[in-house]
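1. coordinates only, sequence not included:
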Ligand code: UTP
């Protein structure tokens, strides 16, 4: 486990326009996967990666994220009185998982801008970024895989995966050369590439570990055409100067900002769920026969 990376930032202030109207009032980061909101899976991944301090970036409409990680005394008393101690224990565990603080991004000006809001929280340390709508499920936490790569190579790290040409135009493309196993040197990147701009079919998906130098770079990163400050543009500067490391992480990533991603997460997590998994599998088998 990482000794260098102790802090994590979870940007969760985006408008979630791809999953409207579900995300009009309910933040997409709070959409449930079976019985837990998406962001809880992400916090659990950070904690399993030995992260001790977490900053969640929210905005005006996202107070319920803060409430989720706070005590609900009335509910706890009710469960205690009814002897539902297991559920009570689970609720209390959520509040005590890590030292979680919140800050509001006052204007929604992009992922890069959201990360720059974490400057005073991070100070002069490397830190992990876990995108608030990207849930990654696997035995070895993705964040821990990246933290270990930061320790090994001493450079900023991005989580990467190979995607299709149809998908990459919506994400980013990285220029890479393989080091060994699932580790790559990353020396350039482009956000939402046009087909003639592909650097490879590997895209940055949901996780990175950044050195504190990223904050000065972000300050000097101009807004893109859409008026947003892109984290990819700042990481491009980092990769072109000192270089970054890419980890083709193990685990399955679900995009909770996308309708299909939400459905895939729900189905796959439900099938593994100790309480409903067997019944859900039987239901799915029946359903499949009708298709
Ligand atoms: P996305 O680009 O997927 O989020 O950002 P979005 O802007 O909400 O997406 P659309 O509107 O559906 O296209 C990845 C993560 O960064 C956060 C989002 O909440 C999401 O968890 N984010 C994005 C911020 O915190 N602030 C921003 O200004 C933009």
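-> Good, I have the coordinates. As the structure is a computational prediction, the values presented were derived from the model and not from experiment.

2. For whatever helix or strand residue 86 lives in, what does the pLDDT average out to?
-> Residue 86 belongs to helix 85-96 when assigned by DSSP states H and E. Average pLDDT, helix 85-96: 89.

3. what's that helix in contact with?
-> Outside helix 85-96, the residues that touch it by CB atoms under 8 Å, 6 or more residues apart in numbering are 40, 68, 69, 70, 71, 72, 75, 76, 79, 80. To be clear about C-beta, it is placed using only N, CA and C from the backbone, and glycine gets the same treatment.

4. roughly how far is it from the heart of the chain?
-> Counting by CA atoms, centre = their mean, to the nearest Å, helix 85-96 is centred 23 Å from the centre of its parent chain.

5. in it, what's buried?
-> Using 16 or more other CB atoms under 10 Å as the test for burial, helix 85-96 gives 88, 94.

6. Tally up the residues packed near the residue of the stretch 1-150 of the chain found nearest the ligand, please.
-> As assessed by CB to the nearest ligand atom, the ligand sits closest to residue 14 within the stretch 1-150 of the chain, at 2.2 Å. Counted with other CB atoms under 10 Å, the neighbours of residue 14 add up to 24.

7. For the nearest residue to it once chain neighbours are set aside, give me its contacts.
-> Of all residues not flanking residue 14 in the chain, residue 108 sits nearest, at 6.6 Å (CB to CB, 6 or more residues apart in numbering). Counting by CB under 8 Å, 6+ apart, residue 108 touches 13, 14, 15, 59.

8. Highest neighbour count among the residues you listed?
-> Highest count within the contacts of residue 108 by other CB under 10 Å belongs to residue 13, 29 neighbours.

9. What residues does that residue make contact with?
-> Taking CB under 8 Å, 6+ apart as the test, what residue 13 contacts is 57, 58, 59, 62, 104, 105, 108, 114.

10. Repeat the analysis, applying 6 Å as the threshold.
-> By CB atoms under 6 Å, 6 or more residues apart in numbering, the residues touching residue 13 are 57, 58, 59, 105, 108, 114.

11. nearest to residue 7, of the residues you listed?
-> residue 57 (13.1 Å; CB to CB).

12. pLDDT, distance to residue 91 and secondary structure added to the contacts of residue 108, as JSON lines?
-> Formatted as JSON lines, the contacts of residue 108 follow (pLDDT from 0 to 100; distance: CB to CB, whole Å; DSSP: H, G, I helix; E, B strand; the rest coil):
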{"residue": "13", "pLDDT": "95", "distance to residue 91": "25", "secondary structure": "coil"}
{"residue": "14", "pLDDT": "93", "distance to residue 91": "27", "secondary structure": "coil"}
{"residue": "15", "pLDDT": "92", "distance to residue 91": "29", "secondary structure": "coil"}
{"residue": "59", "pLDDT": "92", "distance to residue 91": "25", "secondary structure": "coil"}
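
13. Just list whatever residues bridge to residue 207.
-> Beta-bridge partners for residue 207, by DSSP bridges, are residue 130.

14. Run a quick neighbour tally on it.
-> Neighbourhood size, residue 207 [other CB under 10 Å]: 30.

15. Quick check: residues of this structure near the ligand?
-> Residues of the chain found near the ligand (CB under 6 Å from any ligand atom) are 11-18, 29, 57, 105, 108-111, 113-114, 131-133, 257.

16. For the stretch 151-291 of the chain, which segments count as helices?
-> 165-168, 214-219, 231-241, 259-272, 277-289 (DSSP state H, counting those that start in this stretch).

17. Nearest spatial neighbour of the spatially most central residue of the chain, chain-adjacent residues omitted?
-> Centroid check for the chain by CA atoms, centre = their mean gives residue 131 as the closest residue, at 2.8 Å. Among residues not flanking residue 131 along the chain, residue 206 sits closest, at 4.6 Å (CB to CB, 6+ apart).
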